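[1] Test case, fold it:
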Amino acid sequence: MKIKKGWARRGILLLSTVTLLFTACNDESGLGYDIIPAGDQALIVVDSLRSFKAYTIQKERIQCDEDINNSARDFNLVGSYVDPVFGGTNVGFLTQVRLSKNEVNLGDNLDIDSLILYMRIKGHYADSSQTNRQQFKVYQLSDTIAADTDYYSDIEIENYYDENELLWQQTYFASNDSVMAVKIDFEPFIEILKDTNNLVDNEIFTQVLKGFYVKVDQAEAGGAITSFDLLDDASRLTLYYRNSDDGSGIEPVSKLKSFDFLINDNCARINVFTHDREMATDPIVGLNDTVNDNDLMYIQGLGGAEIQLEFKNLLTWKDSVNYVVTRAELIIPVLEGSASEFAPPPNLALTYRFDDELLHLLPDQSHNGSTFTDYFGGYYSSVKNQYKFNIAQYIQHIIGGETDNTSLTLAIYPWDAPVMANRTILKSPSMSNGMSLKITYMKL
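    Predicted structure coming up:
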């Protein structure tokens, strides 16, 4: 999913002198207009609004290949866990490997010692204890994948491998900052590697050795997801071999040699994931319910869930040219105790859609190709246990009649969604201490 840059960014009105300060809460009709006295004096008003809608939507499909991941594009995930609220989550990945040079000749009478897939481990999500061991499995791909093709989370993975042709499996704990070494069955690759016609270049090679699928079975309880940095120099497929005198492999005439097949920017890499809501013991309430007010809202990575926000009452401000919004803070509290085992996303995206169905950055975040995320916000504060956005310019555009789009999407950033397993539970505006929009504005 691509994000298109939004409106032009306008300057923030800075005030050096404040003469009066009023606070008005839950005024749905005019956002505090009725407290503004007649006259031309400058007046700052702080208004807290809760009269907006929020509901949780199950994501239908997201792009999940190497092209979408942006700054996190080197990460691929493997693992599963069971969340009492979100249920079971399972993720694995498909990847190509490529020749490290063209016109490869491994010599006569090839005698393979081993074929090892190395993968750099970068971290875990959920239970990262040594007791959390999972059954890792590696399969050869039976169909090709391509870096110039877009792949989505509804990919039919069974079309890309045969589960009866297992190359390796092992109960394994992947510790942080280490390299996982997978000694796969090389028998299916002997004839491929002996034939130099297969090793001329990567266009030919990736058609005969299509790649690998790495996965685990779904955990019944607990579990964790491991992130791998496949673009790290330590991540590769290495062939160890000798050249025997007569092909028998009995009397080697050379020392052990090695040849590296690369996993790099040119490789197609696809994360594939599933969610089993029925495994939840305290399941999500109000999923896809756009009618009723539910107390809790839910966000989950890996194509799990996102939140739609509706600010239709802001249209009462439309064409109010005598008012300038100086700050508008959307405050989103996280449910107490919900982040103890499952860490919330470090930051969230707040975007909107036009008729083109693309996600657009709000004007508070984007201007002429530059982004202002520090000003815009969206970071998780562990101290306050909340997220906070400043959307003053977005509100000003509504007041000025430049847009009537009052529907926003709160979610994990699209480029993070295929590689981020984090989830969070948020308190909706229907709760007394839930989501709120605090608007500071001035009458000119």
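[2] Correct me if wrong: residue 51 contacts residue 313.
    Yes: when contacts are counted by C-beta atoms under 8 Å, residue 51 is listed as touching residue 313 (5.3 Å). Heads up, the C-betas are built off the backbone N, CA and C, glycines and all.
[3] neighbour-wise, which of those two wins?
    More neighbours sit around residue 313 than around the other of residue 51 and residue 313, counting by other C-beta atoms under 10 Å; the figures are 18 against 15.
[4] Tell me the secondary structure of that one, please.
    When the structure is split into helix, strand and coil by DSSP: H, G, I helix; E, B strand; the rest coil, residue 313 lands in helix.
[5] correct me, but it touches residue 398?
    No: with contacts defined as C-beta under 8 Å, residue 313 does not count as touching residue 398, sitting 10.4 Å away.
[6] Pull the number of nearby residues for residue 170.
    Residue crowding around residue 170 was assessed by other C-beta under 10 Å; the count is 13.
[7] just use 44 as the starting number from now, easier for me
    Renumbered: residue one is now 44, and that last one reads residue 213.
[8] what about the closest residue to residue 342 other than its chain neighbours, how many neighbours?
    With sequence-adjacent residues excluded and distances taken as C-beta to C-beta, 6 or more residues apart in numbering, residue 342 is closest to residue 467, at 5.2 Å. Under the neighbour criterion other C-beta under 10 Å, residue 467 is assigned a count of 23.
[9] Where does residue 467 fall, secondary structure wise?
    Per DSSP states H and E, residue 467 falls inside strand 466-470.
[10] what does that strand contact?
    With C-beta atoms under 8 Å, 6 or more residues apart in numbering as the contact definition, strand 466-470 has outside contacts at 126, 128-129, 338-344, 347-348, 350, 375-378, 381-382, 385, 387-388, 423, 430, 476-478.
[11] next one: it to chain centre, how far?
    The gap between where strand 466-470 is centred and where its chain is centred comes out at 16 Å by C-alpha atoms, centre = their mean, to the nearest Å.
[12] Give me the mean pLDDT for that strand.
    Per-residue pLDDT values across strand 466-470 average out to 97.
[13] Next: stretch 127-141.
    Per-residue scores along stretch 127-141 average to 97.
[14] Also stretch 104-113?
    For stretch 104-113, the mean per-residue pLDDT is 78.
[15] and that stretch, how far from the chain's centre?
    With C-alpha atoms, centre = their mean as the basis, the distance from the averaged C-alpha position of stretch 104-113 to the chain average is 9 Å.
[16] Please write out the alpha-carbon positions of it in CSV.
    What follows is stretch 104-113 as a C-alpha-only set of coordinates in CSV (Å, rounded to 0.1, in the frame of the first residue of the first chain):
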residue,chain,number,x,y,z
ARG,A,104,-5.2,-7.7,2.8
ILE,A,105,-1.9,-5.8,2.8
GLN,A,106,1.2,-5.8,0.6
CYS,A,107,3.8,-8.0,2.3
ASP,A,108,6.8,-8.3,0.0
GLU,A,109,10.2,-6.6,0.1
ASP,A,110,9.1,-3.6,-1.8
ILE,A,111,6.8,-2.2,0.9
ASN,A,112,9.0,-2.5,4.0
ASN,A,113,11.0,0.7,3.5
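[17] now what about it, what contacts it?
    Looking at what lies outside stretch 104-113 - C-beta under 8 Å, 6+ apart - the contacts are 44, 116, 118, 190, 192-198, 308, 310-316, 346, 457-462.
[18] Which among those residues count as buried?
    Under a neighbour-count criterion of 16 or more other C-beta atoms under 10 Å, the subset of those counted as buried comprises 44, 116, 118, 194-196, 198, 310-316, 346, 457-462.
[19] and those residues, which of them are in helices?
    Where the buried ones among the contacts of stretch 104-113 are compared with helices, as defined by DSSP state H, there is no overlap at all.
[20] What's the local residue count around residue 397?
    The tally of other residues near residue 397 (other C-beta under 10 Å) stands at 12.
[21] Tell me if I'm right that it and residue 448 touch.
    Yes: applying C-beta under 8 Å as the test, residue 397 and residue 448 come out as touching, 7.1 Å apart.
[22] Go ahead and confirm residue 256 touches residue 205.
    No: with contact taken as C-beta under 8 Å, residue 256 and residue 205 are classed as non-touching, separated by 9.9 Å.
[23] higher neighbour count, these two?
    When residue 256 and residue 205 are compared on other C-beta under 10 Å, the one with more neighbours turns out to be residue 256, at 24 against 12.
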